[in-house]
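K.L.:
Below: sequence and its predicted model.
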Amino acid sequence: MESENNYRSLENPTEDIYTAAVRLRVQMLNGEPRGSVLHTKLKTLLVKLLLFICGALVAAIVLLVIYYFITIKNEDIAVTRQQNDSFMEQELRILQSEIATLSQRNTELSTKLSALEKQCSALEKSSQSQTCSMCPQGWLLLNSKCYFFSSNKLDWDSSRDNCTSMRGHLVIIESEEEQNFLQNELNRNGLESYWIGLTDSAVEGHFVWVDGRPLDSRLSFWGKSRDGKLQPDNWNQNGQHPNGEDCVQLHMKQNYTGWHDVFCSRLRKRICEMAAKAITFNMRP
């Protein structure tokens, strides 16, 4: 009867498996009768308990493994993303630097191209050829002539020889355009006086250029002195220079500009001139 009661107690739905198994185990240890049916039920319960525990452990292990791999994968993704961001930032900085360099280079080339276009003129539109007037480095171009403005000072004779040594000559001014060009350059370089290639040292009052051509009075640009007198005045400094003033400078001052005759021994900067070198390019492919 007691075994039957025990069996009924196992069927009680309010009693959990673990509690029932423990109670039955206690009863068996206390020497209570062991029915074959009860013994079989106990084994079944223990097996189920062990299977439940094993299943729970396996599930926990699987969850832990999944969590581990998800965590590792997320960390790898984060590290990879950080590395990619760092690499992209570095590449961006490199590209920005290259863009700045290219932009500066483009500006320099545009400036040179603009200057080159001023030096070049198309011969014929149909010929697809172009001729360019080229000047040595440090010389300025106007039309087909090159001009050099010195930074040091020499007397007139030494200035003439210096220009000759550079395969040029002291400047010969042949037009108003040329005169204005030279004056504008002098204004940019500072208000100073520069030797030009004009003198009357051979015959007083008969001015000639360094190439031997006489001055055309229609193309002369004489200035005025401080007292308002028109140049040239051949001043002899109260007899201290009997030969007077025989060399001509391009005078640039705030109140008076133009050509002035002065003593050839004075130290002045100089303007040298030479013919530009013409180079023809064939633009045909």
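P.N.:
Yep, it's here.

K.L.:
immediately after the helix or strand that contains G197, which helix or strand?
P.N.:
Using DSSP states H and E, G197 maps to strand 194-199. Following strand 194-199 in sequence order, the next helix or strand is strand 208-209 (DSSP H and E).

K.L.:
gap between E98 and E91?
P.N.:
E98 sits at a distance of 10 Å from E91 (criterion: CB to CB, to the nearest Å). Where C-beta positions appear, they are placed from N, C-alpha and C, glycine not excepted.

K.L.:
Isn't W222 up against L215?
P.N.:
No. W222 sits out of contact with L215 when judged by CB atoms under 8 Å, with a separation of 10.1 Å.

K.L.:
quick one: low-confidence ranges for the stretch 101-250 of the chain?
P.N.:
112-113, 115-129, 237-242 (pLDDT under 70).

K.L.:
ok, which stretches of it are helices?
P.N.:
With helices called from DSSP state H, counting those that start in this stretch, the stretch 101-250 of the chain shows them at 156-165, 176-189.

K.L.:
could I get those as TSV with mean neighbour count?
P.N.:
Shown next, in TSV, are those (neighbours: other CB atoms under 10 Å):
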stretch	mean neighbour count
helix 156-165	18
helix 176-189	14
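
K.L.:
domains for this protein, by residue range?
P.N.:
Domains of the chain are assigned by automatic domain parsing as 1-124, 130-281.

K.L.:
among these, which is the most enclosed?
P.N.:
domain 130-281 (a mean of 16; mean count of other CB atoms under 10 Å).

K.L.:
so how far is that domain off the chain centroid?
P.N.:
Offset of domain 130-281 from its chain centre (CA atoms, centre = their mean, to the nearest Å): 40 Å.

K.L.:
Who are the packing partners of the strand or helix carrying L49?
P.N.:
For L49, the host element (DSSP H and E) is helix 36-119. Judged by 3 or more CB pairs under 8 Å, 6 or more residues apart in numbering; DSSP states H and E, the packing partners of helix 36-119 are helix 2-10, helix 17-29, strand 129-134.

K.L.:
least reliable of these going by mean pLDDT?
P.N.:
Sorting the helices and strands packed on helix 36-119 by mean pLDDT places helix 2-10 lowest, at a mean of 46.
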